[in-house]
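> with the input below, show me the fold.
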Amino acid sequence: MCTVTADPPMSTALQLDLGKSTLHVLLVGNLEEDFFLIRDILTGDRSELRAELDHASTLEEAKAMLLQGHYGLVLFAHETGDAAATRLLSEFLQSGRTIPFIVLTEHADEKSVAEIIEAGAWDCLDKSHLTGANLVRTIRCSLNLQAMQQRGNLAEESLRKLSCAVEQSADTIFITNREGIIEYVNPAFEALSGYSRDEVIGQTPAILKSGQQAPALYRELWETIRSGDVYRGILVNRKKNGDLYYVDESISSIKDAAGNITHFVSNGRDLTERLRIEAQLLQAQKMDAVGRLAGGVAHDFNNLLTIITSYSELALDSVVPGSRTQSRIQEILAAARRAADLTRQLLAFSRKQPQALRVAEINPVVNGIVKTLHRLIGEDIELTFVPGEELGRVRLDPVQIEQILMNLAANARDAMPQGGRCTIATLNVYLDEEYADRKRAVIPPGRYVVLTVADTGTGIPEDQLSLIFEPFYTTKPSGKGTGLGLATVYGIVKQNHGFVWAYSEPGMGTIFKIYLPCVKERIATVESPIAGVVAARGTETVLLVEDEDALRKATAEFLSLRGYNVLEARNGLDALSVTKSHESPIHLAITDVVMPHMSGGQLAKELETLRPEMRVLFVSGYAGQTVLDHKVIDLESNFLQKPFTLTQLASKVRTTLDHAHNAVPVGG
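Numbering: from 1, shown residues only. Have a look, this model is predicted:
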C-alpha cells in the first residue's frame, strides 16, 4: 500500500531572495560578545545579506523562540558543549525541521567537528576565522544546500505520488520499451487480465490478442504510436483463462530529453460490463420493436385469416362430403390455422398477449404442444411424453404453457448437439412445510401438478446453476442466445403462483421441475378447431358490428344459416342507430374492439344505457394489451381473439347467451 505524505513546507532558502528579503537568524550561545560581533557583521553590509539576528542564551530559550518565530537559519556557539549541540541537532531532525544549522567552534579538534557534522549540522565555522566574508559565504552555502535538498525532497515526493497513482489506478497501465517488450504492469492489469507481473514482464502485448480483430487494426496502432501520436480505440483482449474482455485503450509514447521515443505507456479502461449492459438494452429494444411490429400487423393479418377461414367453412358446408373439393378446402383451413398459430406465437414471444386463464387438466394441453415440439428439437433427439394419472386441475393459459415447453425444449436441444433424449412428464405431488424448509422458500403447503422436462445433455456447472433464471444470462456463445428463455419461464411460473427448480450436473443432463398449484374448480376444456364439428345453433337476435365488410358478410351469413336473426352495422355509430330503430329485443352484440369513430368499449357503455339486458361479445385481431387498453376486462367470458373459425364463434355466441350471469363489461 502506498502512502502519500503531505508536502513539506517550502524552505526559507527557496522563498528567499537574499538581495531583497530579510533572513531571520537565531544565535544560540551564552556569550554576549558573540551576539554583538555577528550582529555587526550581518548589519555591516546590507548589499550582501539582509538579515536580522536574535539571541538565545540557553537551549530552553532557543526551543521556545524556534516554536514562536520563523527563523531561516540557526547559529550554534560551541561553548555550550558538544553534548548540548548534538542533543539540539537531534531534536531538530526528529521534529522534521529543515532549518540550516551552522555550528560556531573555537579550537575544536577534527573528531569534535566530525561528530557535530554527523549529528546533522549543515556546516561548521571556526570563530578564529569569523569574518564578514566567511560568515556570509558559509550562510549562502548552507542555504543553497538546503534549497537543493528541498528540491530533491519535492521531486521524490512527486515521484512517490505518481507511483502510487499508477499502482492504485483502477485502469490498467503497462509500459513497454520501444520494441514492445513489457517492462511494467500495474495491479489493475494483473486483476483484469489474470496474468501476474512476473508472467508478462519480458513478453509483448501480443499475449493479449483475442483473434477477434483484424491484423490491420494492430498495424495502424503501431504506426500511430511510433509516429509520436496517441492511439485511442477499443480493443478486444483475451484473459489468461481464455475469457474475452473489452478495453478503451489509450497508448502514448515516452520521449527522452532529445525527443527520441524510448518507451510506450498504455492506459486501458475495462468496458466489458458497460458493453454487456448496452447489449442487453439493445436486445430489449429489439424485442420491444418486434412486439410493436407484431401488434401492428396482427390486426390486419388476423382479419384476413378470419375472412379466409370463414369463407372456407361456408364453402365446406356446400360441397359433397368426401369429394376432392372438400379435401382442398380442408387444406386451406389447415394452412390458415397454422398461420394463426404463427401469429399467436409471435405475440406470445413479444409478451403482447394477456393471460387467457382457464381451469383445466394439464395433460391434454401438454399432449397437444408436444406434437409440435418434434419439429423444434430435430429428429436426432428422442422426445417422450409421460402423462401422470388422475392429475389435479390447474389454472393455466395454454399459450404460456406452450412458451414454457418451447423454451425448455430449445434449451434441451442446444445441450444435446449430438442427439439424446428429452422427456416431458406430469405428476401429482403434495408439498408440506418440511419440503418448503428444505428449499428455503415460502411455499404454501398443498397439492401441486409437477411438469418435468429432463434431457441427457451436457448439464450445467454448479456455479452457473443459480444464475440461469436471471434475465439476459446465457452460457451460449455470442449471438447464439438472448438469455431470456429461462427468464421467461421463471416469469410465467411466478405469474401463475408456481415454483420452478433446476437440477443438473456436468455430463449428467438437466431436469427442470415446475410446480403449479391445483385448484378445486370445474374443468374447462381447451378449445381446438376440429373439422366436422357441428356448430351450435340459436334463434336469438344478434347485432354484428364489424368494420371489415368481407368479414362482416361472411359472419352474418354463417350466423343466419345457424338460425340467428342478424343485424349488421359497419361501426359503433351505425350500431347505435340500428339499435335505436330496432323495436324488438336484441339479445347479443358482437362487436370489434378497435373501430373508427367509436371503439367497442365505448359502444358497450352506450348499449348498456339503451338496452341493459343486452349482452356483449368482443372480437379483435389486435394484440391483447391493445384490447385491455380499450377496457375489455374479462377476456375469458366475453372476448374472442381473431383469427377464429366460425365454429368457434358459434360456440362462443351460444355460451355467452346461455350464461345469464355474464354481465355487460363497462370500462371505468
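> just checking, C141 touches L125?
No: between C141 and L125 there is no contact under CB atoms under 8 Å: 10.3 Å. Backbone N, C-alpha and C define where each C-beta goes, glycine included.
> more neighbours: which of the two?
In terms of neighbours (other CB atoms under 10 Å), L125 is the more surrounded of C141 and L125; the figures are 20 against 14.
> from what I can see that one touches A77, true?
No: taking contacts as CB under 8 Å, L125 lies outside contact range of A77: 10.7 Å.
> find residues that contact each of the two.
Common neighbours of L125 and A77, using CB atoms under 8 Å, 6 or more residues apart in numbering, are L104.
> and R615, how many neighbours?
R615 has 24 nearby residues by other CB under 10 Å.
> quick check: it vs L383, distance?
From R615 across to L383, the span is 44 Å (CB to CB, to the nearest Å).
> where do the helices sit along the stretch 501-650 of the chain?
Using DSSP state H, counting those that start in this stretch, the helices of the stretch 501-650 of the chain run over 549-561, 572-581, 600-610, 624-629, 646-658.
> just the stretch 151-300 of the chain next, same as before
For the stretch 151-300 of the chain, the helices defined by DSSP H, counting those that start in this stretch occupy 187-193, 197-200, 215-226, 272-317.
> hmm, who's touching the first one?
To tie it back to what came earlier, the one meant is helix 187-193. 167-174, 195-197, 200, 208, 237, 239-240, 245, 247, 268, 270.
> among those, the buried ones, what's the ChimeraX command?
In ChimeraX, a selection of the buried entries from the contacts of helix 187-193 looks like this (16 or more other CB atoms under 10 Å):
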select :171,172,173,174,195,200,208,237,245,247,268,270
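> restricted to strands, list the contacts of helix 187-193.
T172, I173, F174, N237, Y245, V247, G268, D270 (DSSP state E).
> now, the most widely separated pair of these?
The span of the ones in strands among the contacts of helix 187-193, defined through CB to CB, is set by I173 and Y245 at 15.5 Å.
> so T105 makes contact with D123?
No: using CB under 8 Å, T105 is not in contact with D123, being 10.8 Å away.
> these two: which is more packed in?
More crowded of T105 and D123, by other CB under 10 Å: T105, with 20 against 16.
> beta partners of that one?
Residues in a beta bridge with T105, per DSSP bridges, are D126.
> dump stretch 445-461 to CSV, keeping only the CA atoms.
Presented in CSV, the C-alpha positions along stretch 445-461 are these (Å, rounded to 0.1, in the frame of the first residue of the first chain):
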residue,chain,number,x,y,z
PRO,A,445,-48.5,-26.4,1.5
GLY,A,446,-50.9,-28.3,-0.7
ARG,A,447,-51.4,-30.2,-3.9
TYR,A,448,-49.4,-29.4,-7.0
VAL,A,449,-49.1,-30.7,-10.5
VAL,A,450,-45.4,-31.1,-11.4
LEU,A,451,-44.4,-30.5,-15.1
THR,A,452,-40.9,-32.0,-15.6
VAL,A,453,-38.6,-31.6,-18.6
ALA,A,454,-35.4,-33.7,-18.5
ASP,A,455,-32.6,-34.1,-21.0
THR,A,456,-29.4,-36.1,-21.3
GLY,A,457,-27.3,-33.2,-22.4
THR,A,458,-24.1,-31.6,-21.2
GLY,A,459,-25.5,-30.3,-17.9
ILE,A,460,-24.9,-27.0,-16.1
PRO,A,461,-22.0,-26.3,-13.8
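> now it: buried residues?
Buried residues in stretch 445-461, defined by neighbour count with 16+ other CB under 10 Å: 447-460.
> ok, residues contacting stretch 373-391?
For stretch 373-391, the external contacting residues (CB under 8 Å, 6+ apart) are 361-363, 366-367, 370, 405-406, 409-410, 412-413, 416, 418-428, 449-450.
> now swap in stretch 260-272 and tell me
Outside of stretch 260-272, the residues within contact range by CB under 8 Å, 6+ apart are 171-178, 180, 183, 189, 192, 205, 225-226, 228, 234-235, 244-256.
> try stretch 232-244
So stretch 232-244 is contacted by 192-195, 199, 208-213, 217, 221, 245-251, 268, 271-272 (CB under 8 Å, 6+ apart).
> for ChimeraX, what selects the buried ones among the residues you listed?
Selection of buried members from those for ChimeraX, criterion 16+ other CB under 10 Å:
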select :192,193,195,208,221,245,246,247,248,249,251,268,271
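> wait, I401 touches N367, no?
No: counting by CB under 8 Å, I401 does not reach N367; the two are 11.1 Å apart.
> more neighbours, those two?
For I401 versus N367, the count of surrounding residues by other CB under 10 Å is larger for I401: 23 against 13.
> mind checking how far the closest residue to K127 other than its chain neighbours is from S128?
Distance criterion CB to CB, 6 or more residues apart in numbering; nearest residue to K127, sequence neighbours excluded, is E106 at 4.6 Å. Distance, E106 to S128, by CB to CB: 7 Å.
> cool, and M148?
Counting by CB to CB, the gap from M148 to S128 is 29 Å.
> which of those two has more neighbours?
Per other CB under 10 Å, whichever of M148 and S128 has more neighbours is M148, with 12 against 9.
> the more buried one is in what secondary structure piece?
Secondary structure assignment for M148, by DSSP states H and E: helix 132-168.
> which helices and strands sit right next to that helix?
For helix 132-168, the elements it packs on are helix 12-15, strand 23-28, helix 32-44, strand 73-77, strand 101-105, strand 123-126, judged by 3 or more CB pairs under 8 Å, 6 or more residues apart in numbering; DSSP states H and E.
> so what pairs up with the nearest residue to L451 once chain neighbours are set aside in the strands?
Leaving aside its chain neighbours, L451 sits nearest to I514 (4.3 Å; criterion: CB to CB, 6+ apart). On the basis of DSSP bridges, I514 is bridged to L451, V500.
> okay, I514: pLDDT?
The model reports I514 with a pLDDT of 90.
> if I look at it, how far off is E313?
Per CB to CB, I514 is found 37 Å from E313.
> next one: T645
The spacing between T645 and E313, counted by CB to CB, is 6 Å.
> got it, and I261?
83 Å.
> now do L66
L66 is 111 Å from E313, where distance means CB to CB.
> still on that earlier bit, which stretch among the helices of the stretch 501-650 of the chain comes nearest L154?
Closest approach to L154 among the helices of the stretch 501-650 of the chain is made by helix 624-629 (68.6 Å; CB to CB).
> sorry, back to before: which ones are touching the residue nearest to L451?
I404, V450, L451, T452, V453, V489, V493, G498, F499, V500 are the contacts of I514 under CB under 8 Å, 6+ apart.
> residues contacting D547?
Going by CB under 8 Å, 6+ apart, D547 touches R570, N571, D592, M595, P596.
> quick one: contacts for the residue nearest to the last one when sequence neighbours are not counted?
This points to P596. Spatial nearest neighbour of P596, excluding adjacent residues (CB to CB, 6+ apart): N571 at 5.8 Å. Applying CB under 8 Å, 6+ apart to N571 gives the contacts V545, D547, M595, P596, H597, M598.
> can you flag the buried ones in those?
For these, a burial check counting by 16+ other CB under 10 Å picks out V545, D547, M595, M598.
> quick one: which of those residues sit in strands?
Using DSSP E, those in strands are V545.
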